[in-house]
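**Q** Need coordinates for the below:
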Amino acid sequence: MSESQFSVQQEEALRLQQAIRQLSEIDRAVISFHLDGFGNPEIAEMLGISINHVAVKLHRSKQQVSNLLKQ
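**A** Next comes the predicted model:
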């Protein structure tokens, strides 16, 4: 990997982190646990919400992050 490719990846990672920070606390937790490899049932148990609620929050969080990255 060239230095310029590494720099681009670092910049993209920083933009992703900044977008995730703009989410609500619960949405940040859901997407962070998902990125750490936890499944919806595990996330639901950790946060005390239903599995369906996790799926909805994850979907909406992904959409919101995508929209923030397009700005």
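**Q** contacts and neighbour counts: CA atoms only from here.
**A** Will do.
**Q** Would you map the helices across this structure?
**A** Taking DSSP state H as the test, the helices found in the chain are 3-21, 25-35, 40-47, 51-70.
**Q** export those to a markdown table and tack on mean neighbour count and mean pLDDT?
**A** As requested, the helices of the chain are arranged in a markdown table below (neighbours: other Cα atoms under 10 Å; pLDDT from 0 to 100):
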| stretch | mean neighbour count | mean pLDDT |
| --- | --- | --- |
| helix 3-21 | 13 | 88 |
| helix 25-35 | 17 | 96 |
| helix 40-47 | 16 | 98 |
| helix 51-70 | 15 | 96 |
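**Q** Contacts only, for the residue nearest to residue 62 when sequence neighbours are not counted.
**A** Among residues not flanking residue 62 along the chain, residue 31 sits closest, at 7.8 Å (Cα to Cα, 6 or more residues apart in numbering). Residue 31 makes contact with 58, 61, 62 under the criterion Cα atoms under 8 Å, 6 or more residues apart in numbering.
**Q** Okay, the last one and residue 15: tell me how far apart.
**A** From residue 62 across to residue 15, the span is 14 Å (Cα to Cα, to the nearest Å).
**Q** and if you look at residue 70?
**A** Residue 70 sits 10 Å away from residue 15 when distances are taken as Cα to Cα.
**Q** which neighbours do those two share?
**A** Residues touching both residue 70 and residue 15 (Cα under 8 Å, 6+ apart): there are none.
**Q** who's in contact with the spatially closest residue to residue 64 that is not a sequence neighbour?
**A** The shortest distance from residue 64 to any non-neighbouring residue, by Cα to Cα, 6+ apart, is to residue 23 (7.9 Å). Taking Cα under 8 Å, 6+ apart as the definition of contact, the neighbours of residue 23 are 61, 64, 65.
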